[in-house]
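S.K.: Sequence and predicted structure below; questions after.
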Amino acid sequence: MINKERILATFMELVTTDSATKQEGKIAALLQQKLEAMGFTVEFDDAGKKIGGEVGNLIAKLPGNAGKKPLLLCSHMDRVTPGFGIKPVIRDGVIYSDGSTILASDDCTGLSAILEGIQTAIEQNLPRPDIEVVFTIAEEGGLNGSKNLDYSRLKATEAYVIDSSTPVGSLITKAPAQTKFTYRIVGKAAHGGVAPEKGINALYVAAAAISKMKLGRIDHETTANIGLASGGTATNAVLETFEMKGDARSLVVEKMNAQVEHMNQVMEETCAQFGARLEKDVQFSYGSVNLQPGNEALERASAAVRRIGMEPTYAATGGGADANLFNTKGIAATDLGCGYNNPHGLDEYQPISELEKIGDLVVALIEEYASLG
Ligand SMILES: [Zn+2]
């Protein structure tokens, strides 16, 4: 279906265009130019201003000629470091970096597939729905682009995020919601040898609280973890302040909230019992992806996978992606596998066959939406 030479050339052009989180200006300008050449109207929201980035999320629209439901396609423009000066090399049908940088197939594969799929549909005069494209900023390190996306500019109620390292044909149906927490216990300093009874050891408070807390695997869809802990100034001082950070996750937001409530309560009660002060910072990060069989967005993606001659597979992930934010905002979104490997590593690589397949899958999604009455 797609033009294989062109999708590879686009991929090479994108990965060799420097980009980083909050430094997406250069690649955004290139993507804007390519979308406008296809007839899209392109605008940027003010997410960049909100988070101190060079540019906002790119939002592009192209009116269609068939189907009533708009199709929303999303990938992200930033990449992890080191992602400047990438020199891609091809060996045996696979694209690698030269080993001194990442490859940035995460997520130039998604960007290339969206551009090529749409270009193909236009060139071949295929019926197509209204298409909305969102290229986010600052996906890496906290989904800050999609958290600050201006959702009021979007019409679509279903979205496909092309950004999963799973093979083409796999659909991410489950990804947990997340809440991050910081608990800072402030006890009372005293000399550990001379007058320990005059102090309140914040670490002992933490230990007492943790011993009463449900942590780790809470149930088959809920987890909680304390991953950072620090405190203390000297071996002979009663430890005055102790801080711990972690997150709670669940496929069911209510279960996550219940877990957070449980931890807050244990912390508050235990601190009160010891006479320590609790400073807590608890932040909801994003909701979950939890698409059940029969979900229309999922059914359409499955139908598109079958259109390219494959059988869809369904996968769960423990991490967050832009799809979490779309679902949080009421847009049913699934993350599509694009077959890149070892993302964020210097050994990241992208098989060309997978790059071509995900391009074909974008064409198939366009056809699927155009076929909807
Ligand atoms: Zn990514």
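M.R.: Great, that's in hand.
S.K.: three-state assignment of the closest residue to the ion within the stretch 201-350 of the chain?
M.R.: Going by CB to the ion, the ion is nearest to Pro343 of the stretch 201-350 of the chain, at 6.4 Å. Where C-beta positions appear, they are placed from N, C-alpha and C, glycine not excepted. On the three-state scheme (DSSP: H, G, I helix; E, B strand; the rest coil), Pro343 is labelled coil.
S.K.: so it makes contact with Asp106?
M.R.: Yes. Between Pro343 and Asp106 there is a contact at 3.8 Å, judged by CB atoms under 8 Å.
S.K.: Settle it for me: which of the two has more neighbours?
M.R.: Comparing Pro343 with Asp106 by other CB atoms under 10 Å, the one with more neighbours is Asp106, at 28 against 21.
S.K.: Would you map the strands across the stretch 151-300 of the chain?
M.R.: Under the criterion DSSP state E, counting those that start in this stretch, the stretch 151-300 of the chain contains strands at 158-164, 170-175, 177-186, 216-219, 222-231, 241-250, 277-286, 289-290.
S.K.: hey, which of these is tucked in deepest?
M.R.: Ranked by mean neighbour count under mean count of other CB atoms under 10 Å, the strands of the stretch 151-300 of the chain are led by strand 158-164, which reaches a mean of 26.
S.K.: how far out from the middle of the chain is it?
M.R.: 10 Å (CA atoms, centre = their mean, to the nearest Å).
S.K.: Repeat that for stretch 95-112.
M.R.: Taking mean C-alpha positions (CA atoms, centre = their mean), stretch 95-112 and its chain are 17 Å apart.
S.K.: which other residues reach whichever helix in the chain runs longest?
M.R.: When the chain is parsed with DSSP state H, its longest helix is helix 253-274. For helix 253-274, contacts defined as CB atoms under 8 Å, 6 or more residues apart in numbering pick out 176-179, 181, 183, 185, 187, 200, 204-205, 208-209, 212-214, 218-219, 221-222, 224, 248-250, 277-278, 280, 282, 287-288.
S.K.: go on, stretch 138-150?
M.R.: Stretch 138-150 is contacted from outside by 21-22, 24, 45-47, 50-51, 53, 57, 59, 76, 78-80, 107, 134, 136-137, 163, 285-286, 320-322, 324-326, using CB under 8 Å, 6+ apart.
S.K.: Would you indicate which residues of it are buried?
M.R.: Residues of stretch 138-150 classed as buried: Ala138, Glu139, Glu140, Leu143, Asn144, Gly145, Ser146, Lys147, Asn148, Leu149 (neighbour count, 16 or more other CB atoms under 10 Å).
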